[in-house]
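*Asks:* 3D model of this:
(one chain, ligands or ions: 1)
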Amino acid sequence: MRLDGKVAFVTGAGSGIGQRIAQRYAEAGAAVALADLNEAAAQATADALARQGARVLALGVDVTDEAGVDAAIAATANALGGLDILVSNAGIQIVAPVTEFDFADWKRLLAVHLDGAFLSTRAAMRQMIAQGRGGVILYMGSVHSKLASVLKAPYVTAKHGLEGLCRVVAKEGAEHGIRANVICPGFVRTPLVDKQIPEQSRALGISEEDVIRKVMLKDTVDGEFTTLDDVADVALFFASFKSNALTGQSLVASHGWFMQ
Ligand code: NAD
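*Replies:* Reported below is the predicted structural model:
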């Protein structure tokens, strides 16, 4: 599964899942643009990859900023020689019961996940269509693209929404050789999840250990977290897959938490 000669743009690449995907793509031979709101984190990751010989570009980007996303995709194409792979991954989490959910928090979460995915997709598709060499668009969904959990109304709504966007992009992209798929991980130990453990502990009135054992991993087949490498491997598989047989799909990597 090689990506030699390909150019990838990964959002949220300064931390967690996006960072590991950027690393995996660089190892597979791709040139990688690492986009993140946290520019310093993207730069530090890019510097480490550059020291290993990768062609990389770090970009400070807010995926909810229309002009910023357009400029970042253009800068990537100019600096790295086009664009072949978009990984729309940047995300946040805010947990509260529906009855206590702040409207501003609801809108902020939907904006990062859905506006961010739309703006990244639109800019990437325009670039890919102009180039005429096809492309791959991946969305970071979640088990929460398939099922619901308490306290996560906007997150579950957004992750379900990404499946709809993916299917439209798969249909509209087909004539241009652009494929779109969703990756749906179970819980992965990243800063996003580590932050939730004490929050859920307080909200549910249970210990942090019970949040992990009885909430997060309760329905897995083996009580284990999905790993960063698991998700990066799936992202590499989708990016290197050669035909339209896989488009408009979602793949759940969750230790059996959700089975379809
Ligand atoms: P993380 O917090 O480690 O990383 C998220 C990155 O996104 C951060 O570097 C952050 O700066 C960046 N980001 C946030 N808002 C942004 C914005 N507006 N513009 C640009 N960048 C922004 O989180 P993670 O766990 O690696 O999550 C990455 C994605 O994976 C998210 O979409 C998340 O919903 C999804 N996901 C995570 C898990 C999990 O268990 N960790 C499971 C399923 C899906």
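*Asks:* what pLDDT does A203 get?
*Replies:* If you check A203, the pLDDT there is 89.
*Asks:* which non-adjacent residue is nearest it?
*Replies:* Once flanking residues are discounted, A203 sits nearest to L151: 5.9 Å by CB to CB, 6 or more residues apart in numbering. Using the backbone N, CA and C atoms, a C-beta is placed for each residue, glycine as well.
*Asks:* any idea how far R179 is from that neighbour?
*Replies:* Relative to R179, L151 is positioned 34 Å away (CB to CB, to the nearest Å).
*Asks:* what about these two, which has more around it?
*Replies:* The neighbour comparison of L151 against R179 (other CB atoms under 10 Å) goes to R179, with 25 against 20.
*Asks:* which positions in the helix or strand where the more buried one lies come out as buried?
*Replies:* Using DSSP states H and E, R179 maps to strand 178-185. Buried residues in strand 178-185, counted by 16 or more other CB atoms under 10 Å: I178, R179, A180, N181, V182, I183, C184, P185.
*Asks:* those residues: which ones sit near the ligand?
*Replies:* With the criterion set as CB under 6 Å from any ligand atom, the members of those near the ligand are P185.
*Asks:* ok, which pair from the buried residues of strand 178-185 is furthest apart?
*Replies:* Distance extremes for these: the farthest pair is I178 and P185 at 23.1 Å, using CB to CB.
*Asks:* name the SS class of A48, please.
*Replies:* Three-state call for A48 (DSSP: H, G, I helix; E, B strand; the rest coil): helix.
*Asks:* now it: how far from S142?
*Replies:* 27 Å.
*Asks:* cool, G135 as well?
*Replies:* According to CB to CB, G135 and S142 sit 23 Å apart.
*Asks:* if you count surrounding residues, which of these two has more?
*Replies:* Between G135 and S142, S142 has the larger neighbour count (other CB under 10 Å), namely 30 against 24.
*Asks:* and the closest residue to that one other than its chain neighbours, what pLDDT?
*Replies:* Once flanking residues are discounted, S142 sits nearest to K159: 4.5 Å by CB to CB, 6+ apart. In the prediction, the pLDDT value recorded for K159 is 98.
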